[in-house]
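Colleague: sequence? don't have it. structure:
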Ligand SMILES: NC(=O)C1=CN([C@@H]2O[C@H](COP(=O)(O)OP(=O)(O)OC[C@H]3O[C@@H](n4cnc5c(N)ncnc54)[C@H](OP(=O)(O)O)[C@@H]3O)[C@@H](O)[C@H]2O)[C@@H](O)CC1
Ligand SMILES: [K+]
């Protein structure tokens, strides 16, 4: 599991650690790990041209000390100081003592073999300031390594309020920061490299699952299992107008670990033609028989209101998507008030805007605004509806009301294809029916769905049905610890 901590959590851990260590120890550890990563990125350190962009704080200090270590190994290191009077004195002295120089030549940004972005780290807010904005648009030849956080990215939220400096690699210290894992910030961070500096950290503010975490969550049948013990998932989806959504949600549900899929709705004939193994009825959830979780809403059209009402009246977990969400936004959070069993909502940003408006939070915000502030949006929704919310998008995030947040690391833009969300709903509902807790079901489903999207696409357009068809091989890869994302994080020790 990749764990991310907020600036406040990092500051507290740093203070506790610093109290027991000689002054400057953590910065030396950080700089050594940073220099080691830079050295690995260069064909050879000796003779390389390195530009250090150093701001006014300790982030600049890390960069200057790392520059000094690289200068000692024969690199030609120039430091451009964005606030010369406030540059880290110790770091600057070390750089000079190692043969590095101070420059004001901005063109070095475009000619250097490597640029170290030490403009601002966890002390930053707002986008790049005027003196540094030029670097966001200058051409580059070498790689840019962000020190702790790409400057201009909000470390706690991943929001990018102005210009920011795009990195090829971000070397972060002690722990990941939420802004490195959540878009748009994540898209500025490049490859992440964690350098352990010995911080003792509390529970993370945000976590990203990896193969081993998902493998441990996936339900696996044993000798005692039968289809009912494995869980039956009910799918109330599709309509005369959108029968395909029913087929896709059932396709996802068949690959989620439940022992059986019960379909309830007007597309029963299409579903059973495609999947003879599905149990079907053309009525609503109320008369469909016992299930362990309901998925309601994909392609539900006019029938979504009735299906939602009947599913919510049950005592099992309910996942609401698509037309079900539109109906829920109309009803508002009061529709969930009497429920004891969990509710999982899976909106995209457009649906999220309607849900927020439905919760009395003013007129619907623009979807783009919500996408730019994904963590805040998912937390607001989870709190307003007291439900587990999976917010779809460039990085899918899942939040519990007032609690844990997970970010999915496996997504791919190829999944932005019609019907892909229906497969995800079915899959997540199936994991719920198999007994996973809502946060686990939603985040494991997003993880598998992302990998299946990658595998089905392989760099070319794909279809939702192909994504569903790729799920078995993705299960196998995750359980075997194979394929992209399989490597556990090995922090570089300084
Ligand atoms: N915590 C740890 O465990 C360890 C932390 N370490 C390192 O320390 C870093 C944090 O250092 P830090 O606290 O000195 O803050 P930092 O990010 O350098 O900002 C400094 C000043 O910049 C300013 N400023 C604000 N926004 C800005 C902007 N957009 N653009 C430009 N300037 C902006 C603002 O000052 P102002 O100008 O507003 O007075 C702010 O006070 C951390 O990221 C890591 O690299 C490691 O050494 C080892 C252990
Ligand atoms: K930085």
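Modeller: Arrived safely, thanks for sending. Keep in mind that what you see is a predicted model, and the values were worked out from it rather than measured. Ligands and ions are numbered 1, 2, ... in the order given.
Colleague: in the stretch 251-400 of the chain, which spans are strands?
Modeller: 260-264, 279-281, 293-296, 318-320, 343-345, 388-391, 397-399 (DSSP state E, counting those that start in this stretch).
Colleague: The fifth one pairs with which strands, and in what direction?
Modeller: Within its sheet, and counting by DSSP bridges, strand 343-345 is paired with strand 318-320 (parallel), strand 388-391 (parallel).
Colleague: re earlier: can I get the strands of the stretch 251-400 of the chain in CSV with distance to ligand 2?
Modeller: Just so you know, the C-beta spots here come from the backbone N, C-alpha and C atoms, and that holds for glycine as well. Formatted as CSV, those follow (distance: least, CB to the ion, whole Å):
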stretch, distance to ligand 2
strand 260-264, 49
strand 279-281, 56
strand 293-296, 43
strand 318-320, 40
strand 343-345, 35
strand 388-391, 27
strand 397-399, 23
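Colleague: rewinding a little: now the strands paired with strand 343-345 as TSV including mean neighbour count?
Modeller: Listed next are the strands paired with strand 343-345 as TSV, based on neighbours: other CB atoms under 10 Å:
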stretch	mean neighbour count
strand 318-320	34
strand 388-391	28
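Colleague: of all the ones you listed, which lies closest to residue 437?
Modeller: strand 388-391 (8.7 Å; CB to CB).
Colleague: which SS class is residue 213?
Modeller: helix (DSSP: H, G, I helix; E, B strand; the rest coil).
Colleague: How about the contacts made by residue 229?
Modeller: Residue 229 sits next to residue 259 when contact means CB atoms under 8 Å, 6 or more residues apart in numbering.
Colleague: would it count as being in a helix?
Modeller: No. Counting by three-state DSSP, residue 229 is not found in a helix; it is coil.
Colleague: From residue 292, how far out is it?
Modeller: 10 Å (CB to CB, to the nearest Å).
Colleague: go on, residue 233?
Modeller: Counting by CB to CB, the gap from residue 233 to residue 292 is 7 Å.
Colleague: which residues are common contacts for these two?
Modeller: Common neighbours of residue 233 and residue 292, counting by CB under 8 Å, 6+ apart, are 258, 432-434.
Colleague: got those as JSON lines, with neighbour count and pLDDT columns?
Modeller: Converted to JSON lines, those look like this (neighbours: other CB atoms under 10 Å; pLDDT from 0 to 100):
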{"residue": "258", "neighbour count": "29", "pLDDT": "93"}
{"residue": "432", "neighbour count": "32", "pLDDT": "97"}
{"residue": "433", "neighbour count": "31", "pLDDT": "97"}
{"residue": "434", "neighbour count": "24", "pLDDT": "96"}
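Colleague: which ones are touching the nearest residue to residue 151 once chain neighbours are set aside?
Modeller: Once flanking residues are discounted, residue 151 sits nearest to residue 119: 3.8 Å by CB to CB, 6 or more residues apart in numbering. By CB under 8 Å, 6+ apart, the contact list for residue 119 reads 53-55, 59-60, 82, 128, 132, 135, 151, 165.
Colleague: Okay, and which of these map to helices?
Modeller: 59-60, 132, 135 (DSSP state H).
Colleague: Break the chain down into its domains, please.
Modeller: Domain assignment of the chain by automatic domain parsing yields the ranges 2-205, 211-480.
Colleague: was I right about residue 266 contacting residue 236?
Modeller: No. Counting by CB atoms under 8 Å, residue 266 stays clear of residue 236, with 10.1 Å between them.
Colleague: which residues touch the most centrally placed residue in the chain?
Modeller: Central residue of the chain (CA atoms, centre = their mean): residue 407, 2.9 Å from the mean position. Contact partners of residue 407, counting by CB under 8 Å, 6+ apart, are 178, 181-182, 206-208, 395-398.
Colleague: rerun at 6 Å
Modeller: 181-182, 206, 208, 395, 397 (CB atoms under 6 Å, 6 or more residues apart in numbering).
Colleague: Tell me how far it lies from ligand 1.
Modeller: 20 Å (CB to the nearest ligand atom, to the nearest Å).
Colleague: measure that residue to residue 204 for me?
Modeller: Distance from residue 407 to residue 204, by CB to CB: 11 Å.
Colleague: And for residue 238?
Modeller: 39 Å.
Colleague: what does residue 50 give?
Modeller: 33 Å.
Colleague: who's more crowded, these two?
Modeller: Counted by other CB atoms under 10 Å, residue 50 and residue 204 do not tie: residue 50 has more neighbours, with 25 against 20.
Colleague: ok, longest helix in the protein?
Modeller: Per DSSP H, the chain has its longest helix at helix 438-457.
Colleague: List the buried residues in it.
Modeller: 438-457 (16 or more other CB atoms under 10 Å).
Colleague: Need the mean per-residue confidence for stretch 18-37.
Modeller: The average pLDDT for stretch 18-37 rounds to 95.
Colleague: Kindly report the same for stretch 99-108.
Modeller: Averaged across stretch 99-108, pLDDT comes to 98.
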